[in-house]
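> have a look at this fold, sequence not included:
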């Protein structure tokens, strides 16, 4: 049952899909952690793989950048391929001074400057939140790994180069980090009755100006990846 953006057939994806933004990060996860990984999609270079991790079927597929892109891929996975859980494994910029490079954070909620929710015709402002089941499971997995994973709000922004220079205002409201996908993922999951969670590694800091090179973002965020994979295993038990 191929879609305009996905050449996979029904059954090619596992119930849980890890979703990085970068196709090269998807390939890295498949090559590094999955056994018998099979490429099931490569339309537009958005690579999707399915294999096993500790005997549990797990898929990984890139989302591309931004809410429109992840909105397409998440919607198709949830509605056309029987996927129940999507765990975003992405990068984020710290706006909290308590975070440092390579820290892993979980998005309990996702603030946004996007108009993505307008499509639902709601008579107010929707608050995009993660699946508590996925969040609770991921926190437990991190704790078992000995990883301190802060949990809180993310800011899901429609712009990377912010002409208004207003991003840091969100820090005063306790928002931890800024990225570009989680709000659309959470809204899509809510609308379709599925589960979603964003786990992000801090790739740069708007507080200190520090930043990791692109190569490191592709291949060194292994703690985040392992937390997501362990969550997938626990969700299948």
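Great, that's in hand. All values reported here derive from a predicted model rather than from experimental measurement.
> in this protein, which spans are helices?
23-33, 67-80, 132-144, 182-192, 214-219, 222-236 (DSSP state H).
> give me the low-pLDDT residue ranges for this structure?
Along the chain, the parts satisfying pLDDT under 70 run over 1, 7-8, 218-219.
> CSV for the helices of the chain, including distance to residue 205?
Glycine gets a C-beta too; all of them are placed from N, C-alpha and C. As requested, the helices of the chain are exported to CSV (distance: least, C-beta to C-beta, whole Å):
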stretch, distance to residue 205
helix 23-33, 20
helix 67-80, 23
helix 132-144, 21
helix 182-192, 18
helix 214-219, 14
helix 222-236, 16
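> so which of these is the most packed in?
helix 182-192 (a mean of 25; mean count of other C-beta atoms under 10 Å).
> quick one: residue 186 and residue 170, what's the gap?
17 Å (C-beta to C-beta, to the nearest Å).
> contacting residues around stretch 138-153?
87, 98-99, 103-111, 135, 173-176, 197, 199, 223, 226-228, 230-231, 234 (C-beta atoms under 8 Å, 6 or more residues apart in numbering).
> how long is that stretch end to end?
Taking C-alpha to C-alpha, to the nearest Å, the first and last residues of stretch 138-153 lie 16 Å apart.
> ok, for the most centrally placed residue in the chain, nearest residue in space, not its chain neighbours?
Per C-alpha atoms, centre = their mean, the C-alpha nearest to the average position across the chain is that of residue 88, at 1.4 Å. Leaving out its chain neighbours, the residue that sits closest to residue 88 by C-beta to C-beta, 6 or more residues apart in numbering is residue 198, at 4.1 Å.
> and the strands in the chain?
Applying DSSP state E to the chain gives strands spanning 16-19, 35-41, 48-53, 56-61, 85-94, 104-112, 151-156, 177-179, 195-205.
> tell me which of the ones you listed sits nearest to residue 74.
strand 85-94 (5.6 Å; C-beta to C-beta).
> if we can go back for a sec, correct me, but the residue nearest to the centre of the chain touches residue 199?
Yes - contact criterion C-beta atoms under 8 Å: residue 88 and residue 199 qualify, at 6.8 Å.
> just to revisit the earlier point, list the contacts for the residue nearest to the centre of the chain?
Counted by C-beta under 8 Å, 6+ apart, residue 88 has contacts 19-20, 63, 70, 181-182, 185, 196-200.
> do the same with residue 38
With C-beta under 8 Å, 6+ apart, residue 38 has these contacts: 12, 49-51.
> for it, name its beta-bridge partners.
residue 50 (DSSP bridges).
> from residue 91, how far out is the nearest residue to residue 149 once chain neighbours are set aside?
Closest residue to residue 149 apart from its sequence neighbours, by C-beta to C-beta, 6+ apart: residue 142 at 4.1 Å. According to C-beta to C-beta, residue 142 and residue 91 sit 17 Å apart.
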